[in-house]
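*Asks:* Just need the structure, nothing else, for what follows:
(4 chains)
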Protein chains: 2
Amino acid sequence: MSQAGGTYHHGDLRAACLRAARELLEEDGSAGLSLRAVARRAGVSATAPYRHYADRDALVSAVAAQGYRELAEYLAAAHPSPTTPDELAAVAVAYVRFALERPALFRVMFAEPCDPNSEERVAATTAISEYVRGIVRGAFPGADAEALSTTVWALVHGLAFLHLDGKLDTSTPDVVADQVRAAVRALFTAPAALSPKTGAPHEGAKP
Amino acid sequence: MSQAGGTYHHGDLRAACLRAARELLEEDGSAGLSLRAVARRAGVSATAPYRHYADRDALVSAVAAQGYRELAEYLAAAHPSPTTPDELAAVAVAYVRFALERPALFRVMFAEPCDPNSEERVAATTAISEYVRGIVRGAFPGADAEALSTTVWALVHGLAFLHLDGKLDTSTPDVVADQVRAAVRALFTAPAALSPKTGAPHEGAKP
DNA sequence: CTTACGATGTATGCAGCGTTCACATTAGGT
DNA sequence: ACCTAATGTGAACGCTGCATACATCGTAAG
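*Replies:* Model prediction:
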């Protein structure tokens, strides 16, 4: 039975480890995420988690994968299928908000060397990638979806990280949201007053 | 135990630790950056570095600060004072190249929880911030330098991180450079074919 | 020139970590 | 009812960061 009692077998240790890891992540940051601490919190011996995760990286990858799935839900909740720049900006705001609300999780998802060993993790990140591309494709059919989605994702991702690292003003959520909206809007607005000289003479032309 | 001259005192252990840390970072990634390994490489006892760095974080912060200074040099070398979009794109390419050439260092600089304890580190990051803002201010006097520099920094920073995490095509440096140039240029080019409906009347209306 | 002191490096030890291995316990199919 | 495979336990190894007590040395005052 799954309820925690005096049973020798835990019931669903795999899920319990994931849950414990998430809690530790929120409480002590990624530094406190140790397999032993996870085992302690799950009320189990230090080596029990090895029956469900090959090593620490496997657990971390599982946490990251779950984070990706939650991020996808979070973005979809902000707007199911944005088409206007403002709707797209709303999704961008949600992305940054997600990062600021779960900083340790977000760091685990992106800031750690992502080996291509975890199928679950790779699948989750390509899902996010496809999601962003799908949004861009739907919103701007005429554009190069590949390039534009890369650009918008990078912009939002960079905003999230800079906020996370305290490089930008993170005083209130509203300030952050305004900043994100302004940045995204800049992507889709012709900067009339800008570019005093439109230098386009030569570039790396390599056919 | 010091091979050189056999002197008891090292001479400049502080610098030697920094150098050893940089080497370990490039060889084994941030996981291999341990105080003990640094001490070993410097040919010194395990606790000697504590005379020069309060704890591991202090060493890491010193490494990060040095990374910031090198990044500033690297960008300046790409172009001392860019004014056209293409010149600015060249600096952006340098930023991403820096990240891809020193992935572990870049991660130490940005991906780790940056406590405001290290004065050296804070000073170095604000220097970078000021540098970017200065470029934007010089290149686009009419624009809101604060907002625009945030936007361009975030875009480039996000590109660097997504490349670092293998989320984008990193097969050859040329491919990466083209991608970065295209993204930066998109920031300063009116997206003609885009925005089928220009939802600009109001925003944030999502009860 | 001697001597005392502060700066620097060493030796030792503790607790926590990831990981392995032999062993104990139990669930579930035959 | 039993046998097997899955699951959890315990001890152990080597690594880590770090605190404490001790050794060595440059240097400047006397």
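*Asks:* CA atoms for contacts and neighbours, from now on please.
*Replies:* OK.
*Asks:* Secondary structure class of residue A:171, three-state.
*Replies:* Following DSSP: H, G, I helix; E, B strand; the rest coil, residue A:171 is assigned to coil.
*Asks:* OK, contacts around it?
*Replies:* Going by C-alpha atoms under 8 Å, 6 or more residues apart in numbering or on different chains, residue A:171 touches no other residue.
*Asks:* Get me the contact residues on chain A for DNA strand C.
*Replies:* A:7-9, A:32-37, A:46-47, A:50, A:54-57 (C-alpha under 7 Å from any atom of the strand).
*Asks:* and of these, the nearest to DNA strand D?
*Replies:* Nearest to DNA strand D among the residues of chain A next to DNA strand C is residue A:9, at 3.6 Å by C-alpha to the nearest atom of the strand.
*Asks:* And the closest one, how far from residue A:33?
*Replies:* 23 Å (C-alpha to C-alpha, to the nearest Å).
*Asks:* between these two, who's got more neighbours?
*Replies:* A count of neighbours by other C-alpha atoms under 10 Å in any protein chain shown puts residue A:33 above the other of residue A:9 and residue A:33, at 21 against 12.
*Asks:* thought the more buried one was touching residue A:27?
*Replies:* No - the criterion here is C-alpha atoms under 8 Å, and residue A:33 misses it with residue A:27 at 9.5 Å.
*Asks:* so where's chain A shaky on pLDDT?
*Replies:* Low-confidence segments of chain A (pLDDT under 70): A:1-6, A:8, A:113-117, A:189-207.
*Asks:* Next up, the contacts around the residue in it that DNA strand C sits nearest to.
*Replies:* Residue nearest to DNA strand C within chain A: residue A:34 (3.1 Å; C-alpha to the nearest atom of the strand). Counting by C-alpha under 8 Å, 6+ apart, residue A:34 makes contact with residue A:56.
*Asks:* Look up how far residue A:67 lies from it.
*Replies:* Counting by C-alpha to C-alpha, the gap from residue A:34 to residue A:67 is 18 Å.
*Asks:* per-domain residue ranges of chain A.
*Replies:* Following automatic domain parsing, one finds the domains of chain A at A:13-53, A:55-187.
*Asks:* As a markdown table, the ones you listed with distance to DNA strand D would be great.
*Replies:* Output for these, formatted as a markdown table (distance: least, C-alpha to the nearest atom of the strand, whole Å):
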| stretch | distance to DNA strand D |
| --- | --- |
| domain A:13-53 | 3 |
| domain A:55-187 | 13 |
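*Asks:* Which of the ones you listed has the highest mean neighbour count?
*Replies:* With neighbours taken as mean count of other C-alpha atoms under 10 Å in any protein chain shown, the domains of chain A reach their highest mean count in domain A:55-187, at a mean of 19.
*Asks:* What are the boundaries of the helices in chain A?
*Replies:* In chain A, the helices defined using DSSP state H lie at A:13-28, A:35-41, A:56-78, A:85-101, A:103-110, A:119-139, A:145-164, A:173-187.
*Asks:* So what touches the fifth one?
*Replies:* When you say that, I think you mean helix A:103-110. Applying C-alpha under 8 Å, 6+ apart, the external contacts of helix A:103-110 come out as A:22, A:25-26, A:29-30, A:60-61, A:63-65, A:67-68, A:98-99, A:164, B:111, B:165.
*Asks:* for the shortest one, same thing?
*Replies:* The set of residues that contact helix A:35-41 without belonging to it, under C-alpha under 8 Å, 6+ apart, is A:17, A:20, A:21, A:24, A:45, A:46, A:47, A:48, A:49, A:56.
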